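# Quick one, structure for this:
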Amino acid sequence: MPYLKFISDSDLLEAIKKLIQKIENAERDVDSKLYKNVLDPFSALFEGITHGISYNVWLKSEKVRQIQKTMQNAVGDFHQDILGSIDGCENMGSGGGLDICNRKKKIVAEIKNKFNTTKGNHKIEIYDAIKSKLKDPRFKGFVGYYVEIIPSKKKIYDLPFTPSDNKIKKRRASDPKIRIIDGKSFYDLVVGRPFALQELFEALPNVIAENFQYKFDKKEVVKYLELFAKAYEVR
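Below is the predicted model:
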């Protein structure tokens with residue numbers, strides 16, 4: 001039996017492998033670059049004292065903090081790889097202007113990992129990139145989405161995308177074909193299965209444990225599933 005009904009095992013494993021490699025590479029890089037920028041010894045001292053942690057534990061948490069942005073970007077790329085491997089979809093890579101295209105459903109999309117990943121000026125660039133793509137005769141009748149995989153405050157939304165342009169103090173014009181959508185809703189839309197994103201999340205612990213050198217305690221998995229339920233509506 002395949003791990004998931006909407007993506008092949010080989011594509012799923014390849015996406016996970018790429019993500020793990022990016023994280024492992026970032027961890028190796030931070031070891032060599034940790035002291036390149038001066039660390040704040042006062043913050044380190046007070047964090048260690050107030051949290052009752054040793055210096056080595058603090059140092060480990062600091063390394064994680066320093067690779068956090070790299071990790072979030074890597075997870076965004078992971079979702080791009082997953083969505084781009086679903087039947088009917090294509091991954092447009094880093095040079096396609098946008099991330100995902102589904103010609104059967106007439107969808108193009110830019111994928112971001114979290115609602116606060118993208119700053120205001122970059123949202124304007126995404127809006128303009130979607131608008132430009134939809135003007136291309138090859139994408140006539142398509143709908144363009146800006147996808148926030150992790151929504152704000154457990155929200156479900158599929159709305160016109162109207163980011164604010166701080167330079168001219170105005171929002172981009174509302175267009176029913178340029179939209180902003182949460183990750184759960186977008187997975188449901190592309191896959192055609194309610195709770196597809198939850199199915200992916202629930203499959204990951206077993207997939208990783210069975211195919212990579214990492215293991216999970218089943219009690220810990222339950223806690224991660226509870227965390228998922230705080231971000232999304234679950235079945």
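# what does stretch 206-215 contact?
Contacts to stretch 206-215, defined as CB atoms under 8 Å, 6 or more residues apart in numbering, come from residues Tyr3, Leu12, Leu13, Ile16, Lys17, Ile20, Phe216. Glycine gets a C-beta too; all of them are placed from N, C-alpha and C.
# tell me the average confidence for it?
Per-residue pLDDT over stretch 206-215 has a mean of 92.
# buried stuff in it?
By neighbour count on 16 or more other CB atoms under 10 Å, the buried set for stretch 206-215 is Val207, Ile208.
# next one: stretch 183-203
Within stretch 183-203, the residues that count as buried by 16+ other CB under 10 Å are 183-191, 195-202.
# Would you map the helices across this protein?
Assigned by DSSP state H, the chain shows helices spanning 9-33, 41-51, 55-66, 68-84, 120-135, 183-191, 196-211, 218-231.
# I'd like those helices written out as a markdown table, with distance to Lys154 added.
Formatted as a markdown table, the helices of the chain follow (distance: least, CB to CB, whole Å):
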| stretch | distance to Lys154 |
| --- | --- |
| helix 9-33 | 24 |
| helix 41-51 | 28 |
| helix 55-66 | 25 |
| helix 68-84 | 18 |
| helix 120-135 | 21 |
| helix 183-191 | 10 |
| helix 196-211 | 13 |
| helix 218-231 | 6 |
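# out of those, nearest to Asn166?
helix 120-135 (6.1 Å; CB to CB).
# lowest confidence element among the helices and strands of the protein?
Lowest mean confidence among the helices and strands of the chain (mean pLDDT, DSSP states H and E): strand 164-165, at a mean of 87.
# Please name the strands paired to that strand in the sheet, noting orientation.
strand 170-171 (antiparallel) (DSSP bridges).
# Rounded mean pLDDT for the strand it pairs with, please.
Strand 170-171 comes out at a mean pLDDT of 90.
# Give me the contact list for that strand.
With CB under 8 Å, 6+ apart as the test, strand 170-171 has contacts from Thr162, Pro163, Ser164, Asp165.
# Now flag whichever of these is closest to Asp175.
Compare each of the contacts of strand 170-171 with Asp175 using CB to CB and the shortest gap goes to Thr162, at 8.4 Å.
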